[in-house]
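Chemist: prediction below, plus the sequence it came from.
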Amino acid sequence: MPYVSQNLRPLFSPLKPAFFPLFISKPYPRSFSLFTLLSSYKRPRSVPFRDSLNLARRYSSTFRERKGRGREVTMEETAKESERSSSFGFNKRRAEGQDKSDRAKKNPQLKERKLNPTNTIAYVQILGTGMDTQDTSPSVLLFFDKQRFIFNAGEGLQRFCTEHKIKLSKIDHIFLSRVCSETAGGLPGLLLTLAGMGEEGYTVKIWGPSDLNLLVGAMKSFIPHATMVHTQSFGVASTSDAASDGPAPTKTADPIVLVKDEVVKISAILLQPQCSGRSQIKPGEMSVIYIFELPEIMGKFDPKKAAALGLKAGPKYGELQHGKSVKSDRLDIMVHPSDVMGPPVPGPIVFLVDCPTDSHVEDLLSIECLNGYYTDVSGTKSTKTVNCVIHLSPASVVSSPNYQKWMKKFGSAKHIMAGHETKNLEVPILKSSARISARLNYLCPQFFPAPGFWSLQKHNYLASDATASSEGSASKTCERISAENLLKFTLRPHAQLGLDRSNIPTLVGQSEVIDELHSEIPEIADAAQHVRQLWHGFKESRKELTPSNDNGVMIEEPWLTENTLPSCLENIRRDDLEIVLLGTGSSQPSKYRNVSSVYINLFSKGSLLLDCGEGTLGQLKRRSTTESSWGIFESDKESNNDRSSPESPLHFTANNESMKDISGTLFDRGSRMQSYWRQPGSPVDYSAYPFLKSLKKVLCEAGLEALISFPVVHCPQAFGIVLKAAECVNSVGKVIPGWKIVYSGDTRPCPELVDASRGATVLIHEATFEDGLVEEAIARNHSTTKEAIEVGNSAGAYRIILTHFSQRYPKIPVFDETHMHKTCIAFDMMSINIADLPVLPKVLPYLKLLFRNEMVVDESDDITDALGVAS
């Protein structure tokens with residue numbers, strides 16, 4: 001049985017089926033309630049820490065305060081306690097959730113713009129979020145000189161804009177074509193980032209169908225209210241199945257005008273599914289067509305006509321050009337703009353269409369207010385000409401006869417097909433991250449799988465084939481353009497009206513990346529050869545490795561002997577366990593590192609997610625290169641269309657019948673997350689015992705013996721987690737203990753973490769800061785590299801994986817090699833098989849060589865630039 005401190009809380013114990021302990025909480029004055037069955041819940045914006053962890057009993061700390069805005073917190077001394085003393089300081093106020101009162105209350109404001117009616121530049125642009133993973137809808141940017149509009153904010157939008165230096169702080173409005181994870185998954189993180197910028201923070205106006213109110217209600221638990229006061233929904237509210245039956249809501253006759261100024265008019269038309277036998281609209285089913293209409297450009301002024309009408313050259317010329325009538329200087333008549341101006345140039349019109357299902361197409365065909373935009377309706381010419389239609393609709397809908405028929409009604413309009421297409425699957429959208437992944441794969445493919453670069457020859461073939469197909473069908477239907485990342489359609493100046501491909505990123509093949517690497521670091525070829533030899537030698541020497549003596553006597557790090565292994569690794573199989581670091585960054589996604597997420601792959605027995613930061617699903621899909629893997633993720637995505645939380649910190653998949661009994665999320669009793677979970681339609685009395693009983697069965701079938709959570713020092717409701725595999729018996733009847741993984745979450749070093757990590761096979765520990773930034777680590781309740789390693793050494797962990805790095809370390813953090821004898825630095829998409837743990841620290845010097853030319857640049861500067869304050 002693994003060592004378990006009294007401060008740890010086992011959630012189940014299959015070794016004693018008659019006894020089902022929830023928590024062991026003797027050391028604390030409060031009775032622990034059910035905790036989300038995962039790792040750290042780390043939003044510091046939670047409720048006051050009523051049920052504190054009683055940190056004063058574990059540590060004693062003093063702080064130096066400074067009056068005024070903000071607080072300077074410095075650790076002077078950490079008192080020693082008897083047997084549970086710690087030499088690590090921490091920020092007690094932050095750990096107890098009281099640091100918010102130290103800062104002046106922010107009141108995020110909408111940005112005021114001085115509009116430019118004579119916009120010299122205007123365009124719509126495809127922001128290719130999700131084009132390579134197909135887990136989110138691409139965003140669309142409507143750009144003007146002094147205004148920016150974003151349509152849809154799926155997961156990964158912040159990271160995408162950081163990559164391409166698109167300043168999100170200049171966004172004035174965000175519009176959602178549907179309220180679902182595909183279109184709004186990146187909205188919470190974006191709002192939090194904007195709220196934390198500058199002196200007061202910033203916010204934007206958010207528009208969407210009536211379901212937007214449900215999303216806003218869900219976000220209230222962790223986003224400041226002032227950030228979301230400028231949200232506005234439109235249309236008839238959707239209803240749940242529990243609502244009384246009634247007639248279907250009537251459709252609005254005319255488009256709903258949302259924005260109308262001298263620059264642009266933005267209108268919305270609601271689409272709802274036409275399902276026979278069902279009159280109610282469920283949440284998430286309402287979709288929107290957005291219409292952008294720019295004002296017409298007045299014709300050219302003719303001074304000869306003005307002189308003929310008795311006007312003298314002067315201010316009246318300007319008034320006429322601005323649309324005002326004036327009195328003639330020589331004749332007793334009024335001169336109107338139409339008398340002296342050439343014919344006006346109609347303003348361009350763009351449609352953004354999100355028609356998710358065939359049942360929505362039926363409604364689309366019946367919208368009468370669109371008749372004025374069609375080229376020919378009942379033999380009459382349309383009064384408005386649509387220049388571009390951007391389709392977010394899926395390929396299955398676009399290819400339907402009814403949808404094709406509707407597209408023909410727009411005549412010569414350009415149709416940009418921005419729905420998910422197969423040819424985009426392996427064209428990397430995050431090129432900086434893909435480039436690093438390709439380099440890492442070249443150096444050590446065992447820990448860094450291929451990033452999935454698309455073969456340029458294959459891509460060009462498909463692109464040309466798609467173009468030929470499009471051209472061939474254009475004469476039969478209409479002109480269709482396959483959307484590409486950063487494709488533009490220019491609206492102003494009028495002379496350049498049309499497609500602009502100049503900003504589309506050039507495709508780079510893996511061979512080009514490696515050639516560049518050889519030129520940059522000539523020694524890298526020898527280094528890659530050494531790593532291959534290292535792996536070959538490891539396989540040969542594995543036969544000679546002997547397990548450590550597990551007789552109950554503590555041996556001081558026996559695995560430091562070259563030929564010694566922890567007994568849990570005896571006869572280990574490659575299909576027992578794999579640890580995949582999907583995100584290794586800290587609070588905000590960046591070019592090279594996504595936010596925290598660890599994928600525990602148990603292969604045929606299932607899988608778990610420890611933390612599930614924004615963009616995790618996309619990272620999972622980037623890692624999967626086989627069609628079968630994609631099928632699994634797609635089916636899993638479909639299963640999440642219920643009301644279960646898409647951002648639960650633990651996700652478990654298992655190929656067994658017991659998973660049918662697992663549906664729901666547990667929150668710490670009394671937390672804000674729990675209170676918002678209990679919305680209308682949620683269970684009145686959510687009992688934990690049946691849930692945990694079913695979970696216990698699932699985890700047992702997954703080969704896990706223990707799932708234990710323990711409190712750590714970061715913010716209220718911050719926890720780490722222990723996973724312990726069940727012991728097994730080998731072919732000769734010897735009992736082999738199970739492996740043990742400990743995940744720290746966000747934390748300062750603390751005794752609970754050391755206790756939980758005793759004898760761990762792998763300790764995954766955050767290392768936000770370098771060793772020279774201890775004071776900053778204390779102030780923010782994070783750990784330095786050295787501190788994380790010291791925790792692992794104190795606990796006797798076999799291997800330590802450092803993760804959760806600050807943006808100031810864009811590619812590789814600063815570390816002291818003298819402490820790294822059993823430690824490795826994590827990178828996004830790094831895959832560590834348990835059978836390869838003995839060789840893990842030996843690749844670190846080669847990783848340092850790979851990044852030797854990389855300066856430690858604070859990538860938060862890039863993020864600030866991308867999100868920078870608008871001028």
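Modeler: Structure's in. What do you need? Numbers count the residues shown, from 1 in each chain.
Chemist: which residues in the stretch 351-500 of the chain form strands?
Modeler: Listed from the start of the chain, the stretch 351-500 of the chain has strands (DSSP state E, counting those that start in this stretch) covering 376-377, 380-381, 388-391, 414-417, 480-482, 488-492, 498-500.
Chemist: among those strands, which comes closest to residue 123?
Modeler: With C-beta to C-beta, the closest approach to residue 123 among the strands of the stretch 351-500 of the chain belongs to strand 488-492: 4.8 Å. C-beta coordinates here come from the backbone N, C-alpha and C atoms, glycine included.
Chemist: other residues contacting the closest one?
Modeler: 119-126, 294, 348, 350, 387-388, 390, 414, 416, 496-503 (C-beta atoms under 8 Å, 6 or more residues apart in numbering).
Chemist: if you set the cut-off to 7 Å instead, what comes out?
Modeler: Outside strand 488-492, the residues within contact range by C-beta atoms under 7 Å, 6 or more residues apart in numbering are 119-125, 294, 348, 388, 414, 416, 496-500, 503.
Chemist: could you pick out the buried ones from the residues you listed?
Modeler: Applying a neighbour-count criterion of 16 or more other C-beta atoms under 10 Å, the buried members of the contacts of strand 488-492 are 119, 122-125, 294, 348, 388, 414, 416.
Chemist: TSV for the residues you listed, including distance to residue 824 and pLDDT?
Modeler: What follows is the buried ones among the contacts of strand 488-492, written out as TSV (distance: C-beta to C-beta, whole Å; pLDDT from 0 to 100):
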residue	distance to residue 824	pLDDT
119	52	63
122	50	94
123	46	96
124	45	97
125	40	96
294	55	94
348	54	95
388	50	96
414	50	94
416	45	95
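Chemist: tell me which of the strands of the stretch 351-500 of the chain sits most buried.
Modeler: Mean neighbour counts were compared across those using mean count of other C-beta atoms under 10 Å; the top stretch is strand 388-391, at a mean of 24.
Chemist: tell me the spacing between residue 805 and residue 594.
Modeler: Between residue 805 and residue 594 the distance, using C-beta to C-beta, to the nearest Å, works out to 11 Å.
Chemist: ugh, typo on my part, it should be residue 436
Modeler: Distance, residue 436 to residue 594, by C-beta to C-beta: 12 Å.
Chemist: same check, this time on residue 536
Modeler: Following C-beta to C-beta, the distance that separates residue 536 from residue 594 is 33 Å.
Chemist: what of residue 580?
Modeler: Distance, residue 580 to residue 594, using C-beta to C-beta: 12 Å.
Chemist: quick one, which of these two is more surrounded?
Modeler: Taking neighbours as other C-beta atoms under 10 Å, residue 580 and residue 594 compare with residue 594 leading, 28 against 21.
Chemist: residue contacts, the more buried one?
Modeler: Contact analysis of residue 594 by C-beta under 7 Å, 6+ apart lists 159, 582-583, 585, 613, 615, 619, 828.
Chemist: hey, what's the nearest residue to it once chain neighbours are set aside bridged with?
Modeler: Excluding its sequence neighbours, the residue lying closest to residue 594 (C-beta to C-beta, 6 or more residues apart in numbering) is residue 583, at 3.7 Å. Applying DSSP bridges to residue 583 gives these bridge partners: residue 597.
Chemist: contacting residues around residue 583?
Modeler: Under the criterion of C-beta under 7 Å, 6+ apart, the neighbours of residue 583 are 593-597, 613, 616, 619, 828.
Chemist: let's see that with 8 Å instead.
Modeler: Contacts here follow C-beta under 8 Å, 6+ apart; on that basis residue 583 touches 589, 593-597, 611, 613, 615-616, 619, 828.
Chemist: dump the residues you listed into TSV; add pLDDT as well.
Modeler: TSV is the format used below for the contacts of residue 583 (pLDDT from 0 to 100):
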residue	pLDDT
589	87
593	92
594	93
595	92
596	93
597	94
611	91
613	88
615	89
616	90
619	89
828	94
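Chemist: mind putting those residues in JSON lines, secondary structure and distance to residue 203 included?
Modeler: Converted to JSON lines, the contacts of residue 583 look like this (DSSP: H, G, I helix; E, B strand; the rest coil; distance: C-beta to C-beta, whole Å):
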{"residue": "589", "secondary structure": "coil", "distance to residue 203": "20"}
{"residue": "593", "secondary structure": "coil", "distance to residue 203": "27"}
{"residue": "594", "secondary structure": "coil", "distance to residue 203": "25"}
{"residue": "595", "secondary structure": "coil", "distance to residue 203": "21"}
{"residue": "596", "secondary structure": "coil", "distance to residue 203": "26"}
{"residue": "597", "secondary structure": "strand", "distance to residue 203": "27"}
{"residue": "611", "secondary structure": "strand", "distance to residue 203": "27"}
{"residue": "613", "secondary structure": "coil", "distance to residue 203": "22"}
{"residue": "615", "secondary structure": "coil", "distance to residue 203": "22"}
{"residue": "616", "secondary structure": "helix", "distance to residue 203": "26"}
{"residue": "619", "secondary structure": "helix", "distance to residue 203": "28"}
{"residue": "828", "secondary structure": "coil", "distance to residue 203": "30"}
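Chemist: ok, of those, which one's closest to residue 271?
Modeler: Compare each of the contacts of residue 583 with residue 271 using C-beta to C-beta and the shortest gap goes to residue 615, at 28.1 Å.
Chemist: the closest one: neighbouring residues, count only.
Modeler: Number of residues near residue 615 (other C-beta under 10 Å) recorded here: 31.
Chemist: shaky segments in the stretch 501-650 of the chain?
Modeler: Within the stretch 501-650 of the chain, the stretches falling below the threshold (pLDDT under 70) are 542-563, 625-650.
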